[in-house]
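Colleague: Requesting a structural model of the entry that follows:
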Amino acid sequence: MARLSRQTRRKFRTQRRLKRPVDNGRMRLSVFRSNKFIYAQIIDSRQGVTLAEANTKALKLDGDKKEQARAAGKLLAERALAAGIKDVIFDRAAYRYHGRVKALAEGAREGGLNF
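Modeller: Residues are numbered from 1 along each chain as shown. A predicted model of the protein is given here:
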């Protein structure tokens, strides 16, 4: 049997932790990070519907990638609050809670999301 990579194991570990609290009705804040941009969306896992989204590609901001991620987090929080969502579960997938992912989470918290 082949060994799983470190990233794959981290991804499975994160997914396993998220499966338990989905039953409490919280929405999932999912993050995807590419080399240039970071994308975030709030998903209703029961229905499989995206309720709010934000990304740095659409913002077209200048500056540091961390600052762009923080701005995307604030925009996502604003859109989520407009949709009536305040409590979410942070799904960082296989990404470490560091750098741009951390900046996005902090921006979302500053915007009013609770996770």
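Colleague: Every contact and neighbour count from this point should use C-alpha atoms.
Modeller: Will do.
Colleague: Residues contacting the longest helix seen in the chain, please?
Modeller: For the chain, the helix reaching the highest residue count under DSSP state H is reported as helix 65-82. By C-alpha atoms under 8 Å, 6 or more residues apart in numbering, the residues outside helix 65-82 that reach it are 37-38, 40-42, 51-56, 59, 61-62, 86, 99-101, 103-113.
Colleague: do that again at 7 Å, thanks
Modeller: Taking contacts as C-alpha atoms under 7 Å, 6 or more residues apart in numbering, the residues outside helix 65-82 that touch it are 38, 52-56, 61, 86, 99-100, 103-108, 110-113.
Colleague: Could you do stretch 29-36 as well?
Modeller: Among residues not part of stretch 29-36, those counted as contacts by C-alpha under 7 Å, 6+ apart are 38-43, 88-92.
Colleague: Could you do stretch 10-27 as well?
Modeller: Around stretch 10-27, the neighbours that count as contacts under C-alpha under 7 Å, 6+ apart are 42-45, 87-89, 93-94.
Colleague: if we go to 8 Å?
Modeller: By C-alpha under 8 Å, 6+ apart, the surrounding residues in contact with stretch 10-27 are 28, 42-45, 85, 87-89, 91-95.
Colleague: Show me what the mean pLDDT comes to for that stretch.
Modeller: pLDDT averaged over stretch 10-27 equals 73, rounded to a whole number.
Colleague: for stretch 75-91, same thing?
Modeller: For stretch 75-91, mean pLDDT is 94.
Colleague: buried stuff in it?
Modeller: 75-81, 85-91 (16 or more other C-alpha atoms under 10 Å).
Colleague: same deal with stretch 38-58?
Modeller: By neighbour count with 16+ other C-alpha under 10 Å, stretch 38-58 contains the buried residues 38-44, 51-56.
Colleague: next one: stretch 58-76
Modeller: Under the neighbour-count criterion of 16+ other C-alpha under 10 Å, stretch 58-76 has 65-76 buried.
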